[in-house]
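# What follows is a predicted structure for the sequence shown.
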Amino acid sequence: MRVRPRSMRWSSGWPPSAMSTTRPLPRRASVRCRVVQELDIAGIEEADRDTALSDTRQEQWQAANNFARRRRVGPYATQPLAREDRQKQIAAFVRAGHDFATAALWVDSPPDEFPPEPEGQEQE
């Protein structure tokens, strides 16, 4: 990935905030390393990066919830998946950009039971 000189990065001369840089990434289910890359390219300082990453984790969980709802798997399924279908749904989650652990949590959840959120996050 080629990094442009600082003078060419921002039209206003000021770097974008960490939040504006990371906001669209979870909706696309970008993995954490991709978010960190985007923040590095944007020139975001480490203190701001940590705040943005904590907010990003919550948004990624919501993106996984939305994906499960669209695919009707896990808590949104009408019946448990067969082994072959389970593997296909996990693969779909991973292709969409979710990590394997999150994908397995959502796909393995029984119908009408939401998976526990990591790190004590509240479910919306």
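Received the coordinates, thanks. Numbers count the residues shown, from 1 in each chain.
# just the strands in the chain please.
Shown for the chain, no strands are assigned by DSSP state E.
# Show me where it dips below the pLDDT cut-off.
Applying pLDDT under 70 to the chain flags residues 1-33, 55, 119-124.
# let's go with 80 and repeat that
The chain contains residues with pLDDT under 80 at 1-39, 44-58, 118-124.
# Specify the helix with the largest residue count in it.
If each helix of the chain is counted by residues according to DSSP state H, the longest one is helix 46-71.
# Show me what that helix is packed against.
Judged by 3 or more Cβ pairs under 8 Å, 6 or more residues apart in numbering; DSSP states H and E, helix 46-71 is in contact with helix 18-22, helix 24-27, helix 32-42, helix 83-95, helix 100-108. Just so you know, the C-beta spots here come from the backbone N, C-alpha and C atoms, and that holds for glycine as well.
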